[in-house]
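# task: produce atomic coordinates for the following.
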Amino acid sequence: MIPADHPRAKSLHTRERLVDGFRRGLVAPEGLIAHGRGEAFDYLLGERTSAVAKQATEAAAAMLLLSKRPVLSVNGNAAALVPKEIVELAKAIGAAIEVNLFYRTQEREQAIKDELLRFGAKDVLGVGEGASAQIPELSSERRRVDPEGIFVADTVFVPLEDGDRAEALARMGKKVITIDLNPLSRTSRAASVTIVDNLVRAMPALVKAAEALKGKDEKTLQKILAGFDNNENLGRSLMTIRGGTK
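This is a model prediction of the structure:
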């Protein structure tokens with residue numbers, strides 16, 4: 001039992017959800033290590049969402065709404081931590097949802113699919129034989145994608161991403177949106193829009209932004225994107241970590 005007044009209560013609850021996800025077959029053991037690495041950067045951010053991240057979140061929502069074939073890519077950690085928000089975002093922007101794993105097993109794929117269906121997803125791509133297409137120049141299991149999903153997407157949302165695939169997707173001409181606590185990672189630098197924030201804070205904010213912008217015209221959405229530069233965003237995020245801005 002985690003006391004409500006514990007100074008690390010939110011972080012501890014997040015860890016519990018990941019451990020529960022591991023026990024239920026969603027999360028790979030390596031995913032627990034990856035979370036710890038990311039959490040170290042959250043300490044440096046003061047465990048709060050910066051003004052820089054808020055601007056990136058709005059840009060990400062605008063880009064997703066402007067996309068013709070957006071796809072939300074889901075790994076085990078994302079399925080364990082924010083399944084409800086993933087489904088909500090997919091509904092808000094009309095996106096497909098696809099499972100994509102580095103440590104891929106059919107059991108994990110199915111467990112993640114079942115979890116997303118439990119939270120209201122209508123369909124989940126990339127499971128089993130559904131992942132029959134391949135991302136060029138990528139040798140890991142992440143290369144396997146659904147020919148009706150990521151392979152033909154114009155924009156791919158890849159939270160908690162593997163840098164190799166983010167770079168490969170960018171080489172394919174796709175727009176990449178990510179949530180990554182490390183502004184220096186290959187994923188952050190390869191992405192079109194990087195939200196430097198904790199997934200459990202960023203996803204609810206992204207859903208809210210998408211719902212707020214959903215009724216806006218294309219000109220308004222394009223204006224939001226025109227005012228956003230990801231390199232500047234990453235530089236400002238580094239300054240936030242260093243304590244230069246909020």
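# what's the nearest residue to the residue nearest the centre of the chain if we skip its chain neighbours?
The residue lying closest to the centre of the chain (C-alpha atoms, centre = their mean) is P159, at 1.8 Å. Distances taken as C-beta to C-beta, 6 or more residues apart in numbering put I179 closest to P159, at 4.1 Å, once the chain neighbours are dropped. Placement of C-beta: from N, CA and C, glycine included.
# can you map out the strands along this structure?
Using DSSP state E, the strands of the chain run over 70-74, 96-99, 133-134, 144-145, 155-157, 175-179, 193-195.
# now do the contacts for the residue nearest to P159.
Listed by C-beta atoms under 8 Å, 6 or more residues apart in numbering, the contact partners of I179 are 159-160, 194-195, 197, 199, 202-203, 206.
# now with 10 Å?
Applying C-beta atoms under 10 Å, 6 or more residues apart in numbering to I179 gives the contacts 38, 53, 56-57, 60, 78, 82, 157-161, 187-188, 191, 193-203, 205-206.
# among those, which ones are buried?
For the contacts of I179, a neighbour count by 16 or more other C-beta atoms under 10 Å gives the buried set as 38, 53, 56-57, 60, 78, 82, 157-161, 187-188, 191, 193-203, 205-206.
# and the residue nearest to the centre of the chain, how far from T178?
According to C-beta to C-beta, to the nearest Å, P159 and T178 sit 6 Å apart.
# any idea how far apart the tips of stretch 152-171 sit?
From its first residue to its last, stretch 152-171 covers 14 Å (C-alpha to C-alpha, to the nearest Å).
# so for that stretch, mean pLDDT?
Averaging pLDDT along stretch 152-171 yields 92.
# please enumerate the helices of this structure.
Secondary structure of the chain (DSSP state H): helices located at 9-23, 29-44, 51-66, 76-81, 83-93, 106-118, 163-171, 186-190, 199-213, 218-226, 230-242.
# got the angle for the third one vs helix 199-213?
With axes from the mean of the first three to the mean of the last three C-alpha atoms, to 10 degrees defining the directions, helix 51-66 sits at 50 degrees from helix 199-213.
# just the buried residues of helix 51-66, please?
So for helix 51-66, counting by 16+ other C-beta under 10 Å, buried means 52-53, 55-66.
# check which helices and strands it sits against.
Contacts defined by 3 or more C-beta pairs under 10 Å, 6 or more residues apart in numbering; DSSP states H and E place helix 51-66 against strand 70-74, helix 83-93, strand 155-157, strand 175-179, strand 193-195, helix 199-213, helix 218-226, helix 230-242.
# off-centre distance for that helix?
Offset of helix 51-66 from its chain centre (C-alpha atoms, centre = their mean, to the nearest Å): 13 Å.
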